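Peer 1: Model the following, please.
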Amino acid sequence: MMLMENIQSEVDTDMSPSTREHRFYVVSPKKFTILFLSTMGLYGMYWVYINWSLYKKSTGSDVWPVARGFFDIFFVHSLCKKIGQLDFATTKENSVMEWNAIKYVLLVISCRIADKLSENEIGMPYTFFYTLLAIPLMYRALYDIQIYVNKMMKDEAGTTNASLTWANYLWMILGVVFWGLAIFVSYAIILGKI
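Peer 2: Prediction:
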């Protein structure tokens, strides 16, 4: 019995009260990279959803994680503020995280505009290629926030969520299909067929 109390007290002192109240998504940098890039950035919406879902579960808040994931550009900033409220977050880290949220939102909006323009053959091929080139930039913005989250959750390497699941593989297969279509369209544009 004494052993259990000692273990529990070590666990309690390892995390501040704020950290125990707020849970956020931990994922290894490698897994994050694979899933974000293979799904052409759709993983970003899931990333926002799962962070809000864990926050809701840990705090009892009445947020709607699905809506916040679907409308990610409206909720990335508030998510970063919640993450930044952890006791050991510095002002500099909060500023960097906020700047990454701004970059992500601007890139997603500009990418969606460019996508609509390219669908209507406005500014082709530049608008089409912009949508592809924006994906690594969106990835980098969320990646930097994820590294910060891992650090705040005391799992910098993301070892608690490093292996790929069967659902991850399904999303990756779907993403590879989309990347194949994008490469095909790019090739056709370069040859002047579209």
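Peer 1: Now do the helices in this structure.
Peer 2: In the chain, the helices defined using DSSP state H lie at 2-14, 17-21, 29-38, 43-59, 65-70, 72-84, 91-119, 126-152, 166-190.
Peer 1: What helices and strands are in contact with the third one?
Peer 2: This points to helix 29-38. helix 43-59, helix 126-152, helix 166-190 (3 or more C-beta pairs under 8 Å, 6 or more residues apart in numbering; DSSP states H and E). The way it works is simple: take the backbone N, C-alpha and C, and place the C-beta from them, glycine included.
Peer 1: for this structure, where's the lowest mean pLDDT among helices and strands?
Peer 2: Sorted by mean pLDDT, DSSP states H and E, the helices and strands of the chain end with helix 2-14, the least confident at a mean of 36.
Peer 1: Would you convert the helices and strands packed on helix 29-38 into CSV that also reports mean pLDDT?
Peer 2: Converted to CSV, the helices and strands packed on helix 29-38 look like this (pLDDT from 0 to 100):
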stretch, mean pLDDT
helix 43-59, 91
helix 126-152, 89
helix 166-190, 84
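Peer 1: What about Ala114, how many residues nearby?
Peer 2: Using other C-beta atoms under 10 Å, Ala114 has 21 other residues around it.
Peer 1: wait, what's in contact with it?
Peer 2: Each residue near Ala114 by C-beta atoms under 8 Å, 6 or more residues apart in numbering is listed here: 123, 127-128, 130-131, 134.
Peer 1: how about 7 Å then?
Peer 2: Listed by C-beta atoms under 7 Å, 6 or more residues apart in numbering, the contact set of Ala114 reads 127, 130-131.
Peer 1: same question, Tyr49
Peer 2: Tyr49 touches 65-66, 68-69, counting by C-beta under 7 Å, 6+ apart.
Peer 1: among those, which two are most distant?
Peer 2: Val66 and Arg68 (7.3 Å; C-beta to C-beta).
Peer 1: what separates Ile145 from Phe129, distance-wise?
Peer 2: Distance of Ile145 to Phe129, computed by C-beta to C-beta, to the nearest Å: 26 Å.
Peer 1: between the two, which one's more packed in?
Peer 2: Between Ile145 and Phe129, counted using other C-beta under 10 Å, Ile145 has the larger neighbour count: 22 against 17.
Peer 1: any idea how far the more buried one is from Phe71?
Peer 2: Taking C-beta to C-beta, one finds Ile145 at 17 Å from Phe71.
Peer 1: Check Ala182 too.
Peer 2: Using C-beta to C-beta, Ala182 is found at 24 Å from Phe71.
Peer 1: neighbour-wise, which of those two wins?
Peer 2: Neighbours were tallied for Ala182 and for Phe71 using other C-beta under 10 Å; the higher tally belongs to Ala182 (16 against 13).
Peer 1: which residues sit in contact with that one?
Peer 2: Contact analysis of Ala182 by C-beta under 7 Å, 6+ apart lists Leu132.
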